[in-house]
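[1] 3D, please:
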Amino acid sequence: MHQAVRECAERVIIPSMKIARTLAYDPPISWPALPELPSVLSRFGVTVESNKVTLEWFPDEIECEALEEATALVKKRGEPDSYRFSIHGQQGDKKTVWLYVSRVRSMHGEEFHTTSLEGIADDALLEAVTSFLGLREYVFVPNSPWKNGLKCRNGPRRTELGSRRP
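    As a prediction, the model looks like this:
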């Protein structure tokens, strides 16, 4: 019994590492390059096993498994309101790798991309994917009166002692 459990555990690979990055939305993803993404992954020893792409044009949501189909849909219907795709693959004999890319909108209306790589935390691979898709670094620029993402107080700061003057 214990031998069977041990053999089963050796076959099940659980992703142990993850690296994620937030990127600017402008420019949008390079859709014509998307079908060639597996070739970028193969340079890092990753063999693609499956894809899943979800495209949303309000009120429609379309899901497909081929990167070529997704590119054709975007060419036909235009840039989607939002999208997400995942690519599942293997690196070597045992490492399971997941790549996720999505377009996200914050509650403040800011749009950006998120990318993550699970199973291996290879910064060079994530960088190669993002540059291949035409994505660039997200730069946070605070707007006045915001500073570091938090609204600045107007006037002097109060302390506990002597915070009020008669």
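[2] Quickly find the element holding the residue nearest the centre of the chain.
    Geometric centre of the chain, nearest residue: residue 115, 1.9 Å, by CA atoms, centre = their mean. For residue 115, the element it lies in under DSSP states H and E is strand 111-118.
[3] Tally up the residues packed near residue 60, please.
    10 (other CB atoms under 10 Å). Bear in mind the C-beta positions are built from the backbone N, C-alpha and C, glycine included.
[4] Bridged to it, which residues?
    residue 57 (DSSP bridges).
[5] The residue nearest to residue 66 when sequence neighbours are not counted bridge partners, please.
    Residue nearest to residue 66 in three dimensions, not counting chain neighbours: residue 51, with 6.7 Å by CB to CB, 6 or more residues apart in numbering. Residues in a beta bridge with residue 51, per DSSP bridges, are residue 87.
[6] Residue 51 and residue 89 touch, don't they?
    No. Contact criterion CB atoms under 8 Å: residue 51 and residue 89 do not qualify, at 9.5 Å.
[7] next helix or strand past the strand holding residue 115?
    Strand 111-118 is succeeded, C-terminally, by helix 123-132 (DSSP H and E).
[8] can you list contacts of that following helix?
    Contacts with helix 123-132, where a contact means CB atoms under 8 Å, 6 or more residues apart in numbering, come from 19, 21, 23, 30, 33, 36-37, 40-41, 43-44, 46, 99, 101, 115, 117, 136.
[9] ok, now with 10 Å
    19-21, 23, 29-30, 33-34, 36-37, 39-41, 43-46, 87, 91, 97, 99, 101, 113, 115-117, 120, 122, 135-137 (CB atoms under 10 Å, 6 or more residues apart in numbering).
[10] So which of those belong to strands?
    19-21, 23, 46, 87, 91, 97, 99, 101, 113, 115-117 (DSSP state E).
[11] Tabulate those (JSON lines), appending pLDDT.
    Formatted as JSON lines, the ones in strands among the contacts of helix 123-132 follow (pLDDT from 0 to 100):
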{"residue": "19", "pLDDT": "84"}
{"residue": "20", "pLDDT": "85"}
{"residue": "21", "pLDDT": "85"}
{"residue": "23", "pLDDT": "84"}
{"residue": "46", "pLDDT": "90"}
{"residue": "87", "pLDDT": "93"}
{"residue": "91", "pLDDT": "86"}
{"residue": "97", "pLDDT": "88"}
{"residue": "99", "pLDDT": "91"}
{"residue": "101", "pLDDT": "91"}
{"residue": "113", "pLDDT": "87"}
{"residue": "115", "pLDDT": "89"}
{"residue": "116", "pLDDT": "90"}
{"residue": "117", "pLDDT": "89"}
